[in-house]
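Chemist: Fold the following, please.
(one chain, ligands or ions: 1)
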Amino acid sequence: MSTLFPALGGPAEAPPGVPALDADPFSAGFFADPYPVHGQLREAGPFVWLSQYGIGAVARYAEVRQVLMDWETFSSARGVGMADFVKHGRFRLPSIILEADPPQHTRSRAVLGRALSSVVMKGLREKFAAEADRIVDELVVKGTFDACTDLAEAFPLRVFPDAIGMKREGRDNLLPYGDMVFNSFGPPNTFFEASAPRAAAAFPWVETQALRENLAPEGFGEICYQAADRGEITHDEAGKLVRAMLTAGVDTTVNGIGAAVYAMARFPEQWRKLRDNRTLARAAFEEAVRFESPVQTFFRTTTRPTELGGCPLAEGEKILMFLGAANRDPRKWENPDTYDIQRATAGHVGFGAGIHMCVGQLLARLEGEVVLDAMARKISTIDLAGTPERRYNNTLRGLSRLPVTVTAA
Ligand code: OVM
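Modeler: Model (predicted):
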């Protein structure tokens, strides 16, 4: 075990009346097929105890939503991973948006919200669509390819760092870096341990890339620094917000696009529907985010004594939210395990909810939409050409390999 979080977990005993589960939601077996355990967690009760970690959890839609919406009781400022910054320390400087409460969060959010606003997205749409067309054109010529590396990773890695205003060199640091940060939200298990050495060099690189002198004068990064020039945040905070974009914006969109392509390869009638009506591209991406929930889990910490799912909680307790389980809760969704691009997806928690709801969601949707739209125009059939391989990560759900064969439209 790592020494980074020396004293994880509280008492192994469940509080009276709280159903306990022995399953490890940060294990290879769980990642390979989380749905049976998701079902057990939801069925056991509105609030359940993870005996292996001595931590309480919610997996039903109603309670996940309740925790997300009540930031005053369920704080992000002590970390949104398993480690409690107060009790266990932290291995990186906290994010001033993800791992902050108001009023710090409010100031950070205002600036990033503007950098990633619908107006800014409008200005990027044409460029993003052209890039999606170029990549899909190349892949159609290839015929058989790995949709994970050649599409789901290639597209965000081409457009996102450019949109931030980053230099070209070193971008291959971004995936190992994100893999480690998203692992770090879980326990210090073998997945975290394995990702750490691969990412070691990426940490100083990311800090350097976030400096103003390394960012182009047009881009999300410079927008943050201009907010600092106006005194809305400090210049140091601007750099921290650029770092947050670099951390949060790559693996999430990679796995979101991967989820959508994987769905299209598995559910041909949905692919046909999209081809027949390309205005469904954005909805198809949204449904993929609900269906696979690329960000599976986040934690909160109670700021005061409260009650959750009928269980009294003390101050300073970690709560694990199963976003992926909430997004498939039959109490909320009809046929939750069906990928249906015409479903009303409103209210899904794949982007979270409340004050911390994904600040980059418009960018993510733009990326997903233009990729699916390009595919629907240029590809006639898409079929699996081998066994997909899962990428194991403590927070992210996605694939490392997705072999497909496509035919031209
Ligand atoms: C950040 C950050 C890091 C990872 C994920 C995330 C999903 C944010 O540094 O702010 O949001």
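
Chemist: what about residue 173, distance to residue 222?
Modeler: From residue 173 over to residue 222 the distance is 21 Å, taken as CB to CB, to the nearest Å. For every residue, glycine as well, the C-beta is placed using N, CA and C.

Chemist: Ignore what I typed, I meant residue 359.
Modeler: 17 Å.

Chemist: what residues does stretch 135-155 touch?
Modeler: Stretch 135-155 has contacts (CB atoms under 8 Å, 6 or more residues apart in numbering) with 131-132, 158, 175, 254-255, 257-258, 261-262, 265, 367, 371, 374-375, 378-379, 385, 388, 398-408.

Chemist: in the worst-scoring helix or strand of the chain on mean pLDDT, what counts as buried?
Modeler: Lowest on mean pLDDT, DSSP states H and E among the helices and strands of the chain sits helix 85-88, with a mean of 90. Buried residues in helix 85-88, counted by 16 or more other CB atoms under 10 Å: 87-88.

Chemist: Centre of the chain to stretch 40-47, how far?
Modeler: In terms of CA atoms, centre = their mean, to the nearest Å, the centre of stretch 40-47 is found 23 Å from the chain centre.

Chemist: Which of the three states applies to residue 105?
Modeler: Using DSSP: H, G, I helix; E, B strand; the rest coil, the structure places residue 105 in helix.

Chemist: Please identify the residues of the chain in proximity to the ligand?
Modeler: Residues of the chain lying close to the ligand (CB under 6 Å from any ligand atom) are 95, 97-98, 181, 244, 247-248, 252, 295.

Chemist: Now residue 101, what are its backbone angles?
Modeler: phi -110, psi 170 (degrees, to the nearest 10).

Chemist: so it makes contact with residue 73?
Modeler: No: if you go by CB atoms under 8 Å, residue 101 and residue 73 don't touch, sitting 10.9 Å apart.

Chemist: So residue 359 and residue 222 - more neighbours on which side?
Modeler: residue 359 (26 against 19; other CB atoms under 10 Å).

Chemist: Skipping its backbone neighbours, what lies nearest the more buried one in space?
Modeler: residue 112 (4.8 Å; CB to CB, 6 or more residues apart in numbering).

Chemist: Against residue 42, how distant is that neighbour?
Modeler: From residue 112 to residue 42 the distance is 33 Å (CB to CB).

Chemist: Kindly report the same for residue 238.
Modeler: 42 Å.

Chemist: out of those two, which sits in the busier spot?
Modeler: residue 238 (27 against 22).

Chemist: can you pull the alpha-carbon coordinates of the least confident helix or strand of the chain into PDB?
Modeler: This file holds the C-alpha atoms of helix 85-88, laid out as PDB (Å, rounded to 0.1, in the frame of the first residue of the first chain):
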ATOM      1  CA  PHE A  85      -7.200  16.200   2.900                       C
ATOM      2  CA  VAL A  86      -7.600  17.000   6.600                       C
ATOM      3  CA  LYS A  87      -6.900  13.500   7.900                       C
ATOM      4  CA  HIS A  88      -4.700  12.000   5.300                       C
END
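
Chemist: on that earlier part again, more crowded one of residue 101 and residue 73?
Modeler: The neighbour count for residue 101 versus residue 73, taken as other CB under 10 Å, is higher for residue 73 (20 against 16).

Chemist: Give me the three-state assignment for the residue nearest to residue 263 when sequence neighbours are not counted.
Modeler: Nearest residue to residue 263, sequence neighbours excluded (CB to CB, 6+ apart): residue 339, at 4.8 Å. For residue 339, the assignment made with three-state DSSP gives coil.
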